[in-house]
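Participant: Pasting the sequence and the predicted model now:
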Amino acid sequence: MKKVLELSPKKLAAVLTGVLILVLVLLAAIFLRYDAARHYECTNYAFGTYIQQTVYGKAREQAAASAAAAIGDLEDRISLQGEDSDIAKLDAEAGSDWTQLNEKTVSLLNTCLDVAEKSSGAYDPTLYPVASLWDFGGLSSRVPDRSEIEKFLPYVGYENLRIDGNKASLKYHSNAADLSAVENGAACDEGTAAYRSAGASAGLIAAGKSVGVYGKKPGGKPWSIAVQSPQNGKDPASIGSLEIGSGFVSTADSSENSFRSGGVTYHSLLNPKTGYPENNGLVSVTVWYEKSGAAADALARACFVLGPEKALALAERYGAGVLLIDDKNKIVINGRMKDAFHLASSSYTVKRG
């Protein structure tokens, strides 16, 4: 007959305590996994567009609120709608004096100037004197007379925007800076920075055609960002997706603030050298850049204006991914995009550039 193992009350208590601790640890692990997968969604409004946030982790609501506040502060600093913004003050002092700016505004201007210089002015943060003539997205959109464009085109030139410490100046009275082309990407920068500071585990923020992602998506899958083409209509379906682990995605396409006049469609992606909408056969450019949403915005515009060959070279210089769609439904991607882009439409062909 086998001897039954008998435990003393002390040993039995120790065993039960160990089992209880193990159960509590397992339950805590399950709860933490569940809590990390829970998310908070909200929609805010800034820069004339809706800002959509999806944030994960214990600090998700606090992180989303911090992001919204930071974006509101950004709008106050760079929007041209208010006279007290840094950019409005800079423009008001054009041709006369240096303007003291918030250090974040200076950092954003430096980002813009870097892309302007490396793209040889294909993106230019001083395009406003000509862009304002077109009034894209406004109530008085029109095709300016050539004489008007020729009058103000000499005042478009990023070289006329100078920075010294936390001060900036514009060389001529008719110069004007405008950061509207990068405001959505900059909002994504503010959002992801807020997620990091608040302790969120992960998050996605979308502003217009700019997207930023932070942290690892619960479940281990990559973030999926839809790629659309303006040729599919006013509300285009996705033609594919980008599967990324981090960074920022920005799209510039020929549907942006477009209007029709005399049977011709005009879009707001102006060539800073001519003052007219760029017409090189491209209809959409999507850039994936790890470091900055604002830079991704500027790069997307620059690549659109440059055309395929020079766009690929510029993206290579930044280590960015680029996807170019032309008016014949041909897609060109660079090596950075090769594993990230997944085509979902048989109407398009993909070529490695």
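Facilitator: All right, it came through fine. Numbers count the residues shown, from 1 in each chain.
Participant: Quick check: L269 vs Q228, distance?
Facilitator: 16 Å (Cβ to Cβ, to the nearest Å). (Glycine included, C-beta is placed from N, CA and C.)
Participant: Looking at those two, which is more packed in?
Facilitator: A direct count of neighbours by other Cβ atoms under 10 Å for L269 and Q228 places L269 higher, at 23 against 20.
Participant: beta partners for L204?
Facilitator: T54, V213 (DSSP bridges).
Participant: Report how many residues lie close to it.
Facilitator: When neighbours are counted by other Cβ under 10 Å, L204 registers 24.
Participant: And for C303?
Facilitator: Using other Cβ under 10 Å, C303 is surrounded by 29 other residues.
Participant: again with Q100
Facilitator: Taking other Cβ under 10 Å as the neighbour definition, Q100 ends up with a count of 13.
Participant: Dig out what it forms beta bridges with.
Facilitator: Beta-bridge pairing of Q100 under DSSP bridges involves K167.
Participant: who touches stretch 305-324?
Facilitator: For stretch 305-324, contacts defined as Cβ atoms under 8 Å, 6 or more residues apart in numbering pick out 118-119, 122-123, 227, 242, 269, 271-272, 278, 280-282, 284-290, 295-296, 299, 302-304, 326, 331-334, 336-337, 340-341, 353.
Participant: List the buried residues for that stretch?
Facilitator: Within stretch 305-324, the residues that count as buried by 16 or more other Cβ atoms under 10 Å are 305-308, 310-312, 314-315, 318, 320-324.
Participant: ok, now stretch 171-188?
Facilitator: 175-188.
Participant: got the end-to-end distance for it?
Facilitator: Stretch 171-188 has an end-to-end distance of 31 Å (Cα to Cα, to the nearest Å).
Participant: any idea of the mean pLDDT in it?
Facilitator: In this model, stretch 171-188 has a mean pLDDT of 98.
Participant: try stretch 192-209
Facilitator: Rounded mean pLDDT across stretch 192-209 is 98.
Participant: Between the two ends of that stretch, how far is it?
Facilitator: In stretch 192-209, first residue to last residue: 16 Å (Cα to Cα).
Participant: chain center to that stretch: distance?
Facilitator: When C-alpha coordinates are averaged (Cα atoms, centre = their mean, to the nearest Å), stretch 192-209 and its chain have centres 12 Å apart.
Participant: quick one on the thing from earlier: which of the buried residues of stretch 171-188 lies closest to P129?
Facilitator: Using Cβ to Cβ, A176 is the member of the buried residues of stretch 171-188 that sits closest to P129, with 5.5 Å.
Participant: Just say helix, strand or coil for that closest one.
Facilitator: Under the three-state scheme (DSSP: H, G, I helix; E, B strand; the rest coil), A176 adopts coil.
Participant: swap in the one 4 residues further on?
Facilitator: Under the three-state scheme (three-state DSSP), S180 adopts coil.
Participant: Now for K273, how many residues are close by?
Facilitator: Using other Cβ under 10 Å, K273 is surrounded by 14 other residues.
Participant: Which helix or strand contains it?
Facilitator: Secondary structure assignment for K273, by DSSP states H and E: no helix or strand.
Participant: that older thread, let me have the buried residues of stretch 171-188 in TSV, adding distance to T265 as columns.
Facilitator: What follows is the buried residues of stretch 171-188, written out as TSV (distance: Cβ to Cβ, whole Å):
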residue	distance to T265
N175	30
A176	26
A177	28
D178	23
L179	26
S180	20
A181	19
V182	24
E183	24
N184	22
G185	25
A186	28
A187	27
C188	28
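Participant: And the strands in the stretch 51-200 of the chain?
Facilitator: Ranges of strands in the stretch 51-200 of the chain, per DSSP state E, counting those that start in this stretch, are 99-100, 161-164, 167-170.
Participant: S238 is nearest to which of those?
Facilitator: Of all these, strand 161-164 sits nearest to S238, with 37.3 Å by Cβ to Cβ.
Participant: Buried residues in the closest one, which are they?
Facilitator: The neighbour-count check on strand 161-164 (16+ other Cβ under 10 Å) flags L161 as buried.
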